[in-house]
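# sequence below, structure please.
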Amino acid sequence: MVLIVQSLKIYNTLEGKKEDFIPLDKSHVKIYACGPTVYNYAHIGNARMAVVFDTLVRVLRYSYPKVTYVSNITDIDDKIIDAAKELNVSIGDITQKYTNIYNEDMSKLSVLHPDIQPKATEYIPEMIDLISNLIGKEHAYEREGHVLFHVPSYLNYGLLSNRNREEQIAGSRVDVAPFKKDPADFVLWKPSTSEQPGWDSPWGFGRPGWHTECSAMSEKTLGLPFDIHGGGRDLTFPHHENEIAQSCCSTADINNPNFLC
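Just a heads-up that it's a prediction; the model follows:
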């Protein structure tokens with residue numbers, strides 16, 4: 001039985017205020033939340049995100065006939081590569097171990113398993129397609145085996161985190177490299193050595209950037225647009241800011257240069 005909640009307010013980070021939740025489709029609410037990078041034991045921040053979104057999903061299921069909740073596992077990342085090298089184990093061994101531990105720990109907190117829990121390594125073709133699309137629309141470029149998103153090509157960049165130009169550069173996750181067109185540009189694809197995990201791509205053997213992963217996984221599992229994208233507050237910049245830029249520019253009309261997501 002569905003019990004209709006008369007009013008549900010949630011905080012909209014982009015607008016900076018609480019707003020009434022109005023679903024795109026009342027028959028099917030879709031939610032994506034950024035999950036953990038599995039290279040070590042889950043910490044309190046991982047648990048907080050899981051508990052918060054589990055609670056929200058439970059509330060929504062009282063009001064709407066169908067709710068699809070997706071929360072990913074990041075199983076390719078430089079932190080994982082470093083941890084595997086330090087322990088002298090394979091990437092797969094370390095990610096599977098800590099994925100299992102994370103899910104077991106969340107179950108002990110009475111958190112339900114997401115409807116879909118995609119792993120980044122299972123969506124490499126979708127990431128390559130996303131990057132190719134961004135290059136084709138001149139929002140990204142290749143330099144020295146890297147593919148980077150060109151931040152000045154997206155006029156709304158910085159609105160989510162409310163960061164100015166200087167703060168964007170200072171808060172970037174990757175150091176400013178000489179091959180960047182702009183200091184704020186961020187990596188979509190990076191080269192891998194023969195000793196690092198990687199996949200063949202139009203830009204050589206390599207692996208995706210952290211931000212690329214969630215844009216591809218959310219679009220593949222939920223389609224665009226969907227109702228709610230969330231995660232820890234610490235991900236607002238650069239991760240969620242970069243996700244918005246990637247997804248909006250990928251779906252933009254190349255013939256409409258004034259498109260703003």
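
# what's stretch 89-97 in contact with?
Stretch 89-97 is contacted by residues 38-39, 73, 75-76, 80-81, 83-84, 87, 119, 197 when judged by CB atoms under 8 Å, 6 or more residues apart in numbering. The C-beta positions use only the backbone N, C-alpha and C, and glycine is treated the same way.

# let's see 6 Å
Surrounding stretch 89-97, the residues in contact under the criterion CB atoms under 6 Å, 6 or more residues apart in numbering are 38, 75, 83-84, 197.

# so which of those residues wins on neighbours?
The most neighbours of any of those, using other CB atoms under 10 Å, belong to V38, which has 27 neighbours.

# which ones are touching it?
73, 75, 95, 98-99.

# what would those look like in TSV with distance to A140?
Formatted as TSV, the contacts of V38 follow (distance: CB to CB, whole Å):
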residue	distance to A140
I73	25
D75	24
T95	27
Y98	31
T99	30
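
# please indicate which of the residues you listed are buried?
Listed as buried from the contacts of V38 are 73, 75, 95, 98-99; burial here means 16 or more other CB atoms under 10 Å.

# name the nearest residue to I73, sequence neighbours excluded.
Once its chain neighbours are removed from consideration, I73 has its nearest residue in K119; the separation is 4.8 Å (CB to CB, 6 or more residues apart in numbering).

# pretty sure T212 is touching D129, no?
No - the pair T212 / D129 is not scored as a contact, 10.8 Å apart, by CB atoms under 6 Å.

# so which of the two has more stuff around it?
Each of T212 and D129 has its neighbours counted (other CB under 10 Å); T212 has more, 29 against 15.

# tell me the pLDDT at A177?
We note a pLDDT of 82 for A177 in this prediction.

# still on that earlier bit, quick one, phi psi at the residue nearest to I73?
Reported as degrees, to the nearest 10, the phi and psi values for K119 are phi -100, psi 140.

# isn't Y32 up against Y69?
No - counting by CB under 6 Å, no contact exists between Y32 and Y69, whose distance comes to 8.1 Å.

# more crowded one of the two?
For Y32 versus Y69, neighbours defined as other CB under 10 Å are more numerous around Y32 (27 against 24).

# could you look up the SS state of that one?
Three-state call for Y32 (DSSP: H, G, I helix; E, B strand; the rest coil): strand.

# contacting residues around it?
For Y32, the contacting residues are 70, 218, 222, 229, by CB under 6 Å, 6+ apart.

# can you confirm the first one is in a helix?
Spelled out, it's V70. No - remark: V70 does not belong to a helix; assigned using three-state DSSP, it is strand.

# I'd say it and K119 touch.
No - shown here, V70 and K119 do not form a contact pair, counting by CB under 6 Å, at 11.9 Å.

# returning to that earlier point: narrow the contacts of Y32 to those that are buried.
With burial judged by 16+ other CB under 10 Å, the buried subset of the contacts of Y32 is 70, 218, 222, 229.

# who's in contact with the third one?
With contacts taken as CB under 6 Å, 6+ apart, L222 has the following neighbours: 30, 32, 70.

# ok, now how distant is the closest residue to the second one other than its chain neighbours from P114?
Taking CB to CB, 6+ apart as the measure, Y32 lies nearest to S218, with 4.3 Å between them; neighbours along the chain are not counted. Separation of S218 from P114 (CB to CB, to the nearest Å): 12 Å.

# same check on I94?
When distances are taken as CB to CB, I94 and P114 turn out to be 21 Å apart.

# kindly report the same for Q246.
Separation of Q246 from P114 (CB to CB) stands at 22 Å.

# which of those two has more neighbours?
Q246 (27 against 24).

# make JSON lines out of the buried ones among the contacts of Y32 and add distance to K17, pLDDT and secondary structure.
Formatted as JSON lines, the entries for these read as follows, by distance: CB to CB, whole Å; pLDDT from 0 to 100; DSSP: H, G, I helix; E, B strand; the rest coil:
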{"residue": "V70", "distance to K17": "26", "pLDDT": "98", "secondary structure": "strand"}
{"residue": "S218", "distance to K17": "24", "pLDDT": "97", "secondary structure": "helix"}
{"residue": "L222", "distance to K17": "25", "pLDDT": "97", "secondary structure": "helix"}
{"residue": "H229", "distance to K17": "17", "pLDDT": "97", "secondary structure": "strand"}
